[in-house]
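**Student:** build me a model from this:
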Amino acid sequence: LITLLNWLALGWSLLDAMIWMFAATGIEIGIIVVLAILAGLCTPHKFYHESKVYAVGKREMSFYRAIRLNILKDYVAELGFFGGFSKKS
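**Tutor:** Okay, the predicted model is just below:
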């Protein structure tokens with residue numbers, strides 16, 4: 001929508017508007033990735049250890065089975081090496 005407004009209101013060529021749109025989107029994704037990595041590095045490691053506080057309950061497990069999470073996880077990208085957490089665990 002913003003691309004169309006820039007194209008119409010500012011007199012940009014459609015190609016210029018599309019280039020700026022993709023550049024801005026790439027910059028936003030880069031910022032989000034950097035913030036996610038920093039958040040993963042700043043998180044205390046005590047949250048990664050198994051404990052009763054963070055254990056999955058019976059209701060939660062039944063929900064995961066109902067949405068077939070064990071099948072869906074195969075289609076999600078594996079980026080666990082950034083934070084040290086793997087989908088397998």
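**Student:** can you get me a residue count around Gly40?
**Tutor:** 13 (other C-beta atoms under 10 Å). C-beta coordinates here come from the backbone N, C-alpha and C atoms, glycine included.
**Student:** quickly note the distance from it to Glu28.
**Tutor:** Relative to Glu28, Gly40 is positioned 19 Å away (C-beta to C-beta, to the nearest Å).
**Student:** and for Arg68?
**Tutor:** 31 Å.
**Student:** and the contacts of the helix or strand bottoming out on mean pLDDT in the chain?
**Tutor:** The weakest-scoring helix or strand in the chain, judged by mean pLDDT, DSSP states H and E, is helix 2-9 (a mean of 73). With C-beta atoms under 8 Å, 6 or more residues apart in numbering as the test, helix 2-9 has contacts from Trp12, Ser13, Leu14, Ala17, Met18, Trp20, Met21.
**Student:** after that helix comes which helix or strand?
**Tutor:** helix 14-42 (DSSP states H and E).
**Student:** what packs against that next one?
**Tutor:** helix 2-9 (3 or more C-beta pairs under 8 Å, 6 or more residues apart in numbering; DSSP states H and E).
**Student:** chain center to the helix it packs on: distance?
**Tutor:** 28 Å (C-alpha atoms, centre = their mean, to the nearest Å).
**Student:** can you check stretch 59-76 too?
**Tutor:** 18 Å.
**Student:** what's the span of that stretch from first residue to last?
**Tutor:** With C-alpha to C-alpha, to the nearest Å applied, stretch 59-76 spans 23 Å between its terminal residues.
**Student:** over that stretch, what's the mean pLDDT, rounded is fine.
**Tutor:** Taken as a whole, stretch 59-76 has a mean pLDDT of 83.
**Student:** ok, stretch 28-35 next?
**Tutor:** 94.
**Student:** CA atoms only for that stretch, dumped as CSV, please.
**Tutor:** Only the C-alpha atoms of stretch 28-35 are listed here, as CSV (Å, rounded to 0.1, in the frame of the first residue of the first chain):
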residue,chain,number,x,y,z
GLU,A,28,13.6,-4.5,9.1
ILE,A,29,14.3,-8.3,8.9
GLY,A,30,17.9,-7.7,9.7
ILE,A,31,17.1,-5.6,12.8
ILE,A,32,14.7,-8.3,14.0
VAL,A,33,17.3,-11.1,13.5
VAL,A,34,19.9,-9.1,15.4
LEU,A,35,17.5,-8.4,18.3
